[in-house]
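> okay, structure incoming, though there's no sequence with it:
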């Protein structure tokens with residue numbers, strides 16, 4: 001889970017990523033970091049948010065594979 005959080009933080013730190021995309025990634029990040037919720041539920045909610053984001057036309061083409069990678073890792077949790 002920590003590795004996924006780090007990968008999302010790297011995407012957010014990229015200045016070429018649009019603000020609306022960063023907001024959605026921050027939402028997924030806060031979901032993953034919320035330790036009051038069971039790990040599986042956190043992963044599922046973040047998965048839904050990131051899956052929606054992977055279809056967003058504002059996501060730069062080189063970021064999309066990173067998001068798909070994170071989504072596939074979340075599916076294994």
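Happy to help now that I have it. Note that the coordinates shown come from a computational prediction; the quantities given were computed from them, not determined experimentally.
> what's the nearest residue to residue 5 if we skip its chain neighbours?
Nearest non-adjacent residue to residue 5, counting by CB to CB, 6 or more residues apart in numbering: residue 32, 5.6 Å away. To be clear about C-beta, it is placed using only N, CA and C from the backbone, and glycine gets the same treatment.
> what do you get for residue 14?
That would be residue 63: by CB to CB, 6+ apart, it lies 7.2 Å from residue 14.
> who are the packing partners of the helix or strand residue 21 falls within?
For residue 21, the enclosing helix or strand under DSSP states H and E is helix 19-33. Where contact means 3 or more CB pairs under 8 Å, 6 or more residues apart in numbering; DSSP states H and E, helix 19-33 is packed against helix 2-13, helix 39-54.
> ends of stretch 51-60, how far apart?
End-to-end distance for stretch 51-60: 15 Å, by CA to CA, to the nearest Å.
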